[in-house]
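Colleague: Pasting the sequence and the predicted model now:
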Amino acid sequence: MEQSRADGFDGFVAARWSALFHLACLLVGGDRHRAEDLLQEAMVKLWFAWPRIGEEAPEPYVRRILARAAARSARRRWWGERPVEQLPDRAEAGDVSAVVAERSRLEVALAQLPPAQRAAVVLRYYQDLPDRQVAEVLGCPVGTARSHASRGVARLRRILGDVIEPVG
Amino acid sequence: MDHFDHDQFDHFERELARMMRDSQETTPFEAKHRTRLRSGVRSGRRVRTARKAVGSALAVAGIGLGFFLLPHDRVDDRPQAPLPRPALSPTLPGPTPTLTPDTTPSGTTSPTPTGSTGPSSTPTGTPAGSSTTSSPDPSTTDTSAPPSGTETTGAPTGRSTLTSPATSPPATESSATVGAADSG
C-alpha cells in the first residue's frame, strides 16, 4: 500500500517536476530558489493528499497550492530587493542566447507585478485557464481574478512594450 | 479542463503566452530534490503527529472538565420531581364517603374492563371535589380482581388499587381512589 503510494508519487514528481518548476518560477517572478522552496512545500502537501487525489488530478492540486502560496506570499514575507555590495552580472546581448535574454526580460517584468496580479496573469496566459478557473485556483471571485489579470497585463504592456512590438 | 480561447487574445497577449511557454527550461528531478522532499515529508509527519497528540490531549481535557462540571450542574439545574400531591386517603379530615354515580349501594358496578365507564374508574374525569376515598380496608383493597375488574392507578403515589365491583363490599368500604389522579 505504502509502496504503491510512493511509486505513484515518485513517478508523478519525476515526470512533472520540470513543468511545475517552471510554473513556480513564473509565479514568483523568476526567483529559482524561492520557486524550488514553493514547489517542495507543494509536493510535501501532495504527498499527504496523495491517497485522496493521486488517482484523479494531482497536477491541478499542486497548481492550486503553488498559485495560492505565491499570491499571498507578499503578506507573509518580504521577497523584494536586498542591498548587496556588488551588483550581479546582468544579461547582455551577445553573450547569452536570445531565449535566455527573453526569459530574463519576462521574469524581470513579472517580478514587478504584485503577487496576485502575477499569479492571475500566469494562470491565464501560461496555463490557459479561463477567468472562472483562475478565480477557482486563487480562491477569489471571478471579477477579482479578471481584474487582477487585466491590470497585470496592462502593466506588462508598459514594461514589455519595447520587446513585444505591436503588429502593423 | 476548458482552456482559454487564444483567438480573443491580441498580439501582445499571444506573444506573452508564447514567451511564457518558450522560456521553460528543462529541470530534472535530481537526487538532492528527492532527499529534500523526503525530509520535508518526515517533518510534515512529525508536525501532524504532534498536532494529533495535542488535539487528543485537548479533547480528553475537555471531556474531563465536562465530567467534572456536570454533577454540579445536575444538582442545580435538573428538573424538579413532580410535587407531591396531597394524599387523599389518610389526610382527609373526615372520611365522608360519597357514592359515585355508577356505584350502587349494593356494591355492583358496571363491569367494564376498559376502565372508561364511570367516574369511579377513570382517574381523570372526576373533579377534585368529588374525590372520595373510603377508609382503608385491607381485606377489600387486596381483593384479587376478577376478570371483570377495573384497575385504577393512582398516578402520584404509584399505588394500584383493584376495584372489584362485583365482589367488593359496599362502596363505602372499598378503597377506590376516585378522581384523585389529576385533581391537583
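Modeller: On my side now, so go ahead. Numbers count the residues shown, from 1 in each chain, chains lettered A, B, ... in the order given.
Colleague: Wondering if the host helix or strand of residue A:27 reaches chain B at all.
Modeller: Here residue A:27 is covered by helix A:2-28, with elements defined by DSSP states H and E. Yes. Against chain B, helix A:2-28 shows contacts by CB under 8 Å from any CB of the partner chain at A:10, A:13, A:14, A:17, A:18, A:19, A:21, A:22, A:26. (Glycine included, C-beta is placed from N, CA and C.)
Colleague: okay but the second one is in contact with residue B:29, surely?
Modeller: Yes. Shown here, residue A:13 and residue B:29 form a contact pair, counting by CB atoms under 8 Å, at 5.9 Å.
Colleague: pLDDT on the helix holding residue A:27, on average?
Modeller: Per-residue pLDDT over helix A:2-28 has a mean of 90.
Colleague: buried stuff in that helix?
Modeller: Within helix A:2-28, the residues that count as buried by 16 or more other CB atoms under 10 Å in any protein chain shown are A:9, A:12-13, A:16-17, A:20-28.
Colleague: And stretch A:56-75, by the same measure?
Modeller: Buried positions in stretch A:56-75, judged by neighbour count with 16+ other CB under 10 Å: A:58-71, A:73.
Colleague: Output the buried residues of helix A:2-28 as TSV; include the columns distance to residue B:14.
Modeller: Shown next, in TSV, are the buried residues of helix A:2-28 (distance: CB to CB, whole Å):
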residue	distance to residue B:14
A:9	36
A:12	31
A:13	32
A:16	25
A:17	28
A:20	24
A:21	24
A:22	19
A:23	19
A:24	24
A:25	21
A:26	17
A:27	21
A:28	24
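Colleague: Which one of those is nearest to residue B:66?
Modeller: For these, the closest approach to residue B:66 (CB to CB) belongs to residue A:9, at 41.6 Å.
Colleague: got the contact list for the closest one?
Modeller: Going by CB atoms under 8 Å, 6 or more residues apart in numbering or on different chains, residue A:9 touches A:46, A:47, A:50, A:54.
Colleague: Up against chain B, what does chain A have?
Modeller: Applying CB under 8 Å from any CB, one finds that chain A approaches chain B through A:10, A:13-14, A:17-19, A:21-22, A:26, A:36, A:40-41, A:43-45, A:47-48, A:60, A:99, A:102-103, A:106-107, A:121-122, A:124-126, A:128-130, A:133, A:153, A:156-157, A:160, A:164, A:166-167.
Colleague: Show me just the buried residues among those residues.
Modeller: For those, buried by 16+ other CB under 10 Å: A:13, A:17, A:21-22, A:26, A:36, A:40-41, A:43-45, A:47, A:60, A:102-103, A:106-107, A:121-122, A:124-126, A:128-130, A:133, A:153, A:156-157, A:160, A:164.
Colleague: Just name the shakiest helix or strand of chain A by mean pLDDT.
Modeller: helix A:73-76 (a mean of 58; mean pLDDT, DSSP states H and E).
Colleague: State the next helix or strand along the chain beyond it.
Modeller: Moving toward the C-terminus from helix A:73-76, the next element (DSSP H and E) is helix A:98-111.
Colleague: packing partners for that next one?
Modeller: For helix A:98-111, the contact count by 3 or more CB pairs under 8 Å, 6 or more residues apart in numbering or on different chains; DSSP states H and E identifies helix A:2-28, helix A:115-121, helix A:142-159, helix B:11-22 as packing neighbours.
Colleague: could those be laid out in TSV, adding distance to residue B:65?
Modeller: Formatted as TSV, the helices and strands packed on helix A:98-111 follow (distance: least, CB to CB, whole Å):
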stretch	distance to residue B:65
helix A:2-28	38
helix A:115-121	44
helix A:142-159	44
helix B:11-22	56
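Colleague: and residue B:69, which of those helices is closest to it?
Modeller: helix A:2-28 (43.5 Å).
Colleague: contacting residues around the residue sitting nearest the centre point of chain A?
Modeller: Nearest to the mean C-alpha position of chain A, counting by CA atoms, centre = their mean, stands residue A:27 at 2.2 Å. Taking CB under 8 Å, 6+ apart, we find residue A:27 in contact with A:35, A:38, A:66, A:67, A:70, A:118, A:119, A:122.
Colleague: how about the residues of chain B near chain A?
Modeller: So chain B meets chain A at B:1-4, B:6, B:11-13, B:15-17, B:19-29, B:33-34, B:36-37, B:40-41, B:44, B:48 (CB under 8 Å from any CB).
Colleague: which of those are buried?
Modeller: Using 16+ other CB under 10 Å, the buried members of those are B:4, B:12-13, B:15-17, B:19-20, B:23-24, B:27, B:29, B:33, B:36-37, B:40-41.
Colleague: got the angle for the helix or strand harbouring residue A:43 vs helix A:2-28?
Modeller: Assigned by DSSP H and E, residue A:43 falls within helix A:32-53. Interaxial angle, helix A:32-53 versus helix A:2-28 (axes from the mean of the first three to the mean of the last three CA atoms, to 10 degrees): 140 degrees.
Colleague: Need the residues that contact the very next helix or strand once past helix A:32-53.
Modeller: Sequence-wise, the next helix or strand downstream of helix A:32-53 (DSSP H and E) is helix A:58-71. Contact with helix A:58-71 is made by A:12, A:16, A:20, A:23-24, A:27-28, A:38-39, A:41-43, A:45-46, A:49-50, A:53, A:115-116, A:118-119, A:122-123, A:127, A:137-139, B:1, as judged by CB under 8 Å, 6+ apart.
Colleague: so where's chain A shaky on pLDDT?
Modeller: A:1, A:74-96, A:165-168 (pLDDT under 70).
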